[in-house]
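>>> Turn this into a structure:
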Amino acid sequence: MLNEIRIPSTLKESHYICLRHNCKDRTLFYPYISLHKACSKIILAPTEEGEKLKHANQFRRVAIQAALKGGEIVQKCRGRVKRVVYKGVVNLVTEADRLSEDAIIKIIRKDFPEHNILTEESRGYERKSYYKWIIDPLDGTTNYAHGFPVYCISIALEKEGEIILGVVYNPVLDELFVAEKNKGAFLNGNRIHVSKTSELSKSLLATGFPYDIRESQVNNLDHFKNFALRAQAIRRAGAAALDLCYLAKGIFDGFWELKLSPWDTAAGSLMVKEAGGKVTDFMGKKFNIYQKNILATNGKIHTQMITVLKMGKKV
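Presented below is the predicted three-dimensional model:
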(Lines give C-alpha, C1' and ligand atoms only; values in the text may rest on other atoms or scores of the structure.)
Protein backbone atom coordinates (compact mmCIF):
# COMPACT_ATOMS: atom_id res chain seq x y z
CA MET A 1 0.00 0.00 0.00
CA LEU A 2 1.17 3.51 -0.80
CA ASN A 3 0.65 4.76 2.74
CA GLU A 4 2.96 2.09 4.13
CA ILE A 5 6.09 3.39 2.41
CA ARG A 6 8.40 5.83 4.13
CA ILE A 7 9.52 8.81 2.10
CA PRO A 8 13.08 10.24 2.26
CA SER A 9 13.25 12.95 4.92
CA THR A 10 15.36 15.17 2.66
CA LEU A 11 12.80 15.52 -0.14
CA LYS A 12 12.01 19.07 -1.12
CA GLU A 13 8.46 20.11 -0.24
CA SER A 14 6.36 22.40 -2.40
CA HIS A 15 3.84 24.93 -1.15
CA TYR A 16 0.72 22.96 -1.99
CA ILE A 17 -1.44 22.21 1.03
CA CYS A 18 -3.45 19.04 1.50
CA LEU A 19 -6.89 19.70 3.01
CA ARG A 20 -7.84 16.09 3.63
CA HIS A 21 -9.76 15.89 6.91
CA ASN A 22 -8.87 19.57 7.40
CA CYS A 23 -5.26 18.55 8.02
CA LYS A 24 -2.90 21.47 7.41
CA ASP A 25 0.16 19.47 8.40
CA ARG A 26 0.57 17.83 4.99
CA THR A 27 2.61 19.41 2.22
CA LEU A 28 2.72 18.14 -1.34
CA PHE A 29 5.90 16.53 -2.69
CA TYR A 30 6.31 16.67 -6.43
CA PRO A 31 2.84 17.51 -7.59
CA TYR A 32 0.97 14.35 -6.77
CA ILE A 33 1.81 12.80 -3.42
CA SER A 34 1.94 14.35 0.00
CA LEU A 35 4.00 13.87 3.13
CA HIS A 36 2.44 13.91 6.56
CA LYS A 37 5.15 15.47 8.70
CA ALA A 38 4.08 13.72 11.86
CA CYS A 39 4.41 10.16 10.57
CA SER A 40 6.38 10.54 7.32
CA LYS A 41 3.89 8.49 5.34
CA ILE A 42 3.11 8.97 1.66
CA ILE A 43 -0.53 9.56 0.75
CA LEU A 44 -2.18 10.52 -2.51
CA ALA A 45 -3.02 14.20 -2.65
CA PRO A 46 -6.82 14.36 -2.41
CA THR A 47 -7.26 17.91 -3.71
CA GLU A 48 -8.80 18.45 -7.13
CA GLU A 49 -5.46 19.73 -8.41
CA GLY A 50 -3.70 16.76 -6.88
CA GLU A 51 -6.08 14.33 -8.55
CA LYS A 52 -5.46 15.85 -11.98
CA LEU A 53 -1.73 15.83 -11.46
CA LYS A 54 -1.88 12.30 -10.08
CA HIS A 55 -3.24 11.01 -13.37
CA ALA A 56 -0.85 13.14 -15.45
CA ASN A 57 2.12 11.82 -13.49
CA GLN A 58 0.99 8.26 -12.86
CA PHE A 59 4.10 6.70 -14.39
CA ARG A 60 6.37 8.75 -12.17
CA ARG A 61 4.27 8.13 -9.08
CA VAL A 62 4.35 4.36 -9.55
CA ALA A 63 8.08 4.33 -10.34
CA ILE A 64 8.90 6.30 -7.21
CA GLN A 65 6.60 4.16 -5.09
CA ALA A 66 8.24 1.00 -6.42
CA ALA A 67 11.79 2.30 -5.97
CA LEU A 68 11.12 3.38 -2.39
CA LYS A 69 9.58 0.01 -1.59
CA GLY A 70 12.58 -1.78 -3.09
CA GLY A 71 14.88 0.38 -1.00
CA GLU A 72 12.89 -0.32 2.12
CA ILE A 73 13.20 -4.06 1.54
CA VAL A 74 16.93 -4.16 0.87
CA GLN A 75 17.59 -2.03 3.94
CA LYS A 76 15.55 -4.38 6.12
CA CYS A 77 17.55 -7.32 4.76
CA ARG A 78 20.88 -5.55 5.11
CA GLY A 79 23.34 -7.46 7.25
CA ARG A 80 21.02 -10.48 7.31
CA VAL A 81 21.78 -11.99 3.90
CA LYS A 82 21.47 -15.74 4.40
CA ARG A 83 21.51 -17.02 0.84
CA VAL A 84 23.81 -15.96 -1.98
CA VAL A 85 23.55 -17.62 -5.40
CA TYR A 86 26.34 -17.30 -7.96
CA LYS A 87 25.17 -16.73 -11.53
CA GLY A 88 28.80 -16.83 -12.65
CA VAL A 89 32.30 -16.83 -11.21
CA VAL A 90 31.91 -13.33 -9.74
CA ASN A 91 28.26 -12.51 -10.53
CA LEU A 92 25.91 -13.14 -7.62
CA VAL A 93 22.33 -12.62 -6.48
CA THR A 94 20.92 -12.42 -2.94
CA GLU A 95 17.54 -12.92 -1.30
CA ALA A 96 17.23 -9.14 -1.18
CA ASP A 97 17.45 -8.95 -4.99
CA ARG A 98 14.55 -11.37 -5.31
CA LEU A 99 12.38 -9.78 -2.64
CA SER A 100 12.96 -6.28 -4.00
CA GLU A 101 12.18 -7.40 -7.54
CA ASP A 102 8.97 -9.18 -6.50
CA ALA A 103 7.72 -6.09 -4.66
CA ILE A 104 8.58 -3.72 -7.52
CA ILE A 105 6.89 -5.89 -10.12
CA LYS A 106 3.80 -6.24 -7.93
CA ILE A 107 3.45 -2.46 -7.62
CA ILE A 108 3.92 -1.86 -11.34
CA ARG A 109 1.57 -4.64 -12.45
CA LYS A 110 -1.14 -3.37 -10.11
CA ASP A 111 -1.38 -0.12 -12.10
CA PHE A 112 -0.10 -1.30 -15.47
CA PRO A 113 -0.85 -5.03 -15.92
CA GLU A 114 -0.66 -4.67 -19.70
CA HIS A 115 2.90 -3.27 -19.76
CA ASN A 116 6.05 -5.24 -20.63
CA ILE A 117 8.60 -5.75 -17.86
CA LEU A 118 12.31 -6.49 -18.19
CA THR A 119 14.25 -7.24 -15.00
CA GLU A 120 17.71 -8.48 -14.13
CA GLU A 121 16.74 -11.54 -12.14
CA SER A 122 13.55 -12.95 -13.69
CA ARG A 123 13.79 -11.25 -17.11
CA GLY A 124 10.20 -10.09 -16.62
CA TYR A 125 7.00 -10.29 -18.64
CA GLU A 126 6.29 -9.72 -22.32
CA ARG A 127 2.99 -8.18 -23.35
CA LYS A 128 1.84 -6.49 -26.55
CA SER A 129 2.45 -3.02 -25.21
CA TYR A 130 4.24 0.15 -26.30
CA TYR A 131 5.60 0.43 -22.76
CA LYS A 132 8.35 -1.53 -21.06
CA TRP A 133 9.54 -1.19 -17.46
CA ILE A 134 13.26 -1.94 -17.06
CA ILE A 135 14.24 -2.84 -13.52
CA ASP A 136 17.38 -3.51 -11.52
CA PRO A 137 16.03 -4.37 -8.06
CA LEU A 138 19.49 -4.08 -6.49
CA ASP A 139 22.32 -2.56 -8.49
CA GLY A 140 25.56 -3.22 -6.65
CA THR A 141 24.69 -6.67 -5.30
CA THR A 142 28.31 -7.59 -4.62
CA ASN A 143 28.74 -4.42 -2.55
CA TYR A 144 25.53 -5.20 -0.71
CA ALA A 145 26.51 -8.80 0.06
CA HIS A 146 29.84 -7.66 1.49
CA GLY A 147 28.39 -4.78 3.52
CA PHE A 148 29.90 -2.06 1.32
CA PRO A 149 27.24 0.71 1.37
CA VAL A 150 27.10 1.54 -2.34
CA TYR A 151 24.01 0.14 -4.06
CA CYS A 152 20.64 1.32 -5.36
CA ILE A 153 17.33 0.45 -6.98
CA SER A 154 16.95 1.47 -10.63
CA ILE A 155 13.67 1.68 -12.56
CA ALA A 156 13.13 3.04 -16.08
CA LEU A 157 10.16 3.23 -18.41
CA GLU A 158 10.67 2.78 -22.15
CA LYS A 159 8.05 3.80 -24.70
CA GLU A 160 8.47 2.48 -28.23
CA GLY A 161 12.22 2.09 -27.81
CA GLU A 162 12.85 5.39 -26.03
CA ILE A 163 13.46 5.90 -22.31
CA ILE A 164 10.96 8.47 -21.03
CA LEU A 165 11.35 8.05 -17.26
CA GLY A 166 14.14 7.09 -14.90
CA VAL A 167 14.10 6.67 -11.12
CA VAL A 168 17.12 5.64 -9.05
CA TYR A 169 16.94 5.36 -5.28
CA ASN A 170 19.96 5.13 -3.00
CA PRO A 171 18.52 3.92 0.32
CA VAL A 172 21.82 4.33 2.16
CA LEU A 173 21.94 8.11 1.73
CA ASP A 174 18.19 8.58 1.19
CA GLU A 175 18.80 9.92 -2.33
CA LEU A 176 15.94 9.79 -4.83
CA PHE A 177 16.97 10.65 -8.40
CA VAL A 178 14.15 11.28 -10.89
CA ALA A 179 14.35 12.21 -14.57
CA GLU A 180 11.70 12.54 -17.24
CA LYS A 181 12.30 13.16 -20.91
CA ASN A 182 12.51 16.90 -21.62
CA LYS A 183 11.68 17.76 -17.98
CA GLY A 184 15.10 17.73 -16.33
CA ALA A 185 16.78 15.63 -13.66
CA PHE A 186 16.18 15.99 -9.94
CA LEU A 187 17.65 14.79 -6.66
CA ASN A 188 15.14 14.83 -3.81
CA GLY A 189 13.15 17.45 -5.67
CA ASN A 190 16.08 19.74 -6.48
CA ARG A 191 17.24 20.24 -10.07
CA ILE A 192 20.69 18.81 -10.79
CA HIS A 193 23.21 19.53 -13.54
CA VAL A 194 26.43 18.00 -14.83
CA SER A 195 29.79 19.57 -14.02
CA LYS A 196 31.58 22.24 -16.06
CA THR A 197 35.01 20.60 -16.02
CA SER A 198 36.50 20.95 -19.50
CA GLU A 199 39.88 19.22 -19.18
CA LEU A 200 40.33 15.46 -18.89
CA SER A 201 43.41 15.98 -16.73
CA LYS A 202 41.24 17.69 -14.11
CA SER A 203 38.36 15.23 -14.32
CA LEU A 204 37.10 12.64 -11.84
CA LEU A 205 35.96 9.58 -13.78
CA ALA A 206 34.00 6.46 -12.90
CA THR A 207 33.94 2.99 -14.43
CA GLY A 208 33.46 -0.68 -13.70
CA PHE A 209 34.66 -4.08 -14.88
CA PRO A 210 32.71 -6.86 -16.63
CA TYR A 211 31.88 -10.14 -14.96
CA ASP A 212 34.05 -12.04 -17.44
CA ILE A 213 37.17 -10.09 -16.49
CA ARG A 214 39.02 -13.37 -15.78
CA GLU A 215 38.14 -15.00 -19.08
CA SER A 216 38.07 -12.20 -21.66
CA GLN A 217 40.89 -9.93 -22.80
CA VAL A 218 38.28 -7.27 -23.50
CA ASN A 219 37.97 -6.48 -19.81
CA ASN A 220 38.44 -2.70 -19.46
CA LEU A 221 41.87 -3.00 -17.88
CA ASP A 222 43.43 -1.35 -20.93
CA HIS A 223 41.02 1.60 -20.81
CA PHE A 224 41.48 1.91 -17.06
CA LYS A 225 45.24 2.17 -17.47
CA ASN A 226 44.94 4.72 -20.28
CA PHE A 227 42.55 6.94 -18.35
CA ALA A 228 44.49 6.58 -15.09
CA LEU A 229 47.47 8.17 -16.81
CA ARG A 230 45.40 11.07 -18.19
CA ALA A 231 42.58 11.90 -15.74
CA GLN A 232 42.83 13.40 -12.28
CA ALA A 233 41.43 10.22 -10.72
CA ILE A 234 39.13 7.23 -11.33
CA ARG A 235 36.62 5.64 -8.99
CA ARG A 236 35.27 2.10 -9.31
CA ALA A 237 32.32 1.93 -6.90
CA GLY A 238 30.45 -1.06 -8.35
CA ALA A 239 27.00 0.36 -9.15
CA ALA A 240 26.65 1.74 -12.68
CA ALA A 241 23.24 3.34 -12.09
CA LEU A 242 24.61 5.34 -9.16
CA ASP A 243 27.75 6.28 -11.11
CA LEU A 244 25.52 7.78 -13.81
CA CYS A 245 23.42 9.63 -11.24
CA TYR A 246 26.52 11.10 -9.62
CA LEU A 247 27.68 12.17 -13.06
CA ALA A 248 24.31 13.89 -13.53
CA LYS A 249 24.75 15.53 -10.13
CA GLY A 250 28.15 16.93 -11.13
CA ILE A 251 30.30 14.75 -8.86
CA PHE A 252 31.83 12.70 -11.68
CA ASP A 253 32.81 14.32 -14.95
CA GLY A 254 32.81 11.19 -17.07
CA PHE A 255 31.84 7.51 -17.00
CA TRP A 256 32.60 4.61 -19.30
CA GLU A 257 31.90 0.92 -19.04
CA LEU A 258 31.45 -2.10 -21.28
CA LYS A 259 29.37 -5.27 -21.39
CA LEU A 260 26.49 -3.74 -19.45
CA SER A 261 22.82 -4.74 -19.61
CA PRO A 262 19.75 -2.53 -20.23
CA TRP A 263 18.79 -2.42 -16.53
CA ASP A 264 22.26 -1.07 -15.69
CA THR A 265 21.98 2.02 -17.87
CA ALA A 266 18.31 2.71 -18.72
CA ALA A 267 17.46 5.08 -15.86
CA GLY A 268 20.95 6.50 -15.38
CA SER A 269 21.51 7.39 -19.02
CA LEU A 270 18.33 9.48 -19.07
CA MET A 271 19.44 11.14 -15.82
CA VAL A 272 22.68 12.27 -17.47
CA LYS A 273 20.94 13.58 -20.59
CA GLU A 274 18.35 15.50 -18.61
CA ALA A 275 21.08 17.00 -16.42
CA GLY A 276 22.75 18.44 -19.53
CA GLY A 277 25.27 15.68 -20.20
CA LYS A 278 26.06 13.57 -23.24
CA VAL A 279 25.67 9.81 -23.72
CA THR A 280 27.03 7.79 -26.66
CA ASP A 281 28.84 4.57 -27.40
CA PHE A 282 32.65 4.46 -27.24
CA MET A 283 32.97 5.87 -30.75
CA GLY A 284 30.62 8.79 -30.18
CA LYS A 285 27.65 7.23 -31.97
CA LYS A 286 24.07 7.26 -30.66
CA PHE A 287 23.65 5.26 -27.48
CA ASN A 288 21.16 2.45 -27.16
CA ILE A 289 20.57 0.69 -23.83
CA TYR A 290 20.73 -2.67 -25.61
CA GLN A 291 24.30 -1.97 -26.69
CA LYS A 292 27.13 -3.29 -24.57
CA ASN A 293 29.18 -0.16 -23.98
CA ILE A 294 28.45 3.35 -22.81
CA LEU A 295 30.31 6.64 -22.59
CA ALA A 296 28.63 9.37 -20.55
CA THR A 297 30.16 12.74 -19.77
CA ASN A 298 29.37 16.33 -18.90
CA GLY A 299 29.71 16.97 -22.64
CA LYS A 300 32.86 19.03 -22.27
CA ILE A 301 35.32 16.13 -22.06
CA HIS A 302 33.44 13.78 -24.36
CA THR A 303 35.74 14.08 -27.36
CA GLN A 304 38.81 13.74 -25.13
CA MET A 305 37.46 10.51 -23.65
CA ILE A 306 36.64 9.09 -27.09
CA THR A 307 40.24 9.72 -28.14
CA VAL A 308 41.50 7.71 -25.16
CA LEU A 309 38.97 4.90 -25.69
CA LYS A 310 40.16 4.49 -29.27
CA MET A 311 43.57 3.56 -27.87
CA GLY A 312 42.19 0.42 -26.21
CA LYS A 313 40.69 -2.86 -27.33
CA LYS A 314 37.39 -2.91 -29.18
CA VAL A 315 34.34 -4.56 -27.61
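>>> looking at this protein, which helix or strand is least sure?
Using mean pLDDT, DSSP states H and E, the weakest-scoring helix or strand in the chain turns out to be strand 26-29, at a mean of 40.
>>> now the helices for the stretch 201-315 of the chain?
Listed in chain order, the helices of the stretch 201-315 of the chain (DSSP state H, counting those that start in this stretch) span residues 221-228, 240-248, 262-274, 302-309.
>>> If you count neighbours, what's buried in the first one?
Residues of helix 221-228 classed as buried: 223, 224, 226, 227 (neighbour count, 16 or more other CB atoms under 10 Å). Quick note: C-beta positions are derived from backbone N, CA and C, even for glycine.
>>> Identify the farthest-apart pair in those residues.
In these, two members sit farther apart than any others by CB to CB. They are 224 and 226, at 7.4 Å.
>>> Show me whatever sits in contact with both of these two.
Common contacts of residue 224 and residue 226, defined by CB atoms under 8 Å, 6 or more residues apart in numbering, are absent altogether.
>>> now the helices of the stretch 201-315 of the chain in TSV, with mean pLDDT and distance to residue 288?
Written out in TSV, the entries for these read as follows (pLDDT from 0 to 100; distance: least, CB to CB, whole Å):
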stretch	mean pLDDT	distance to residue 288
helix 221-228	94	20
helix 240-248	98	15
helix 262-274	98	9
helix 302-309	97	17
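>>> Residue 150 is nearest to which of these?
Residue 150 sits nearest to helix 240-248 of all the helices of the stretch 201-315 of the chain, at 6.6 Å, using CB to CB.
>>> Next, the angle from the closest one to helix 262-274.
Compare the direction of helix 240-248 with that of helix 262-274 by axes from the mean of the first three to the mean of the last three CA atoms, to 10 degrees and you get 10 degrees.
>>> roughly how far is helix 240-248 from the heart of the chain?
Distance, stretch centre to chain centre, for helix 240-248: 7 Å (CA atoms, centre = their mean, to the nearest Å).
>>> No further questions, thank you.
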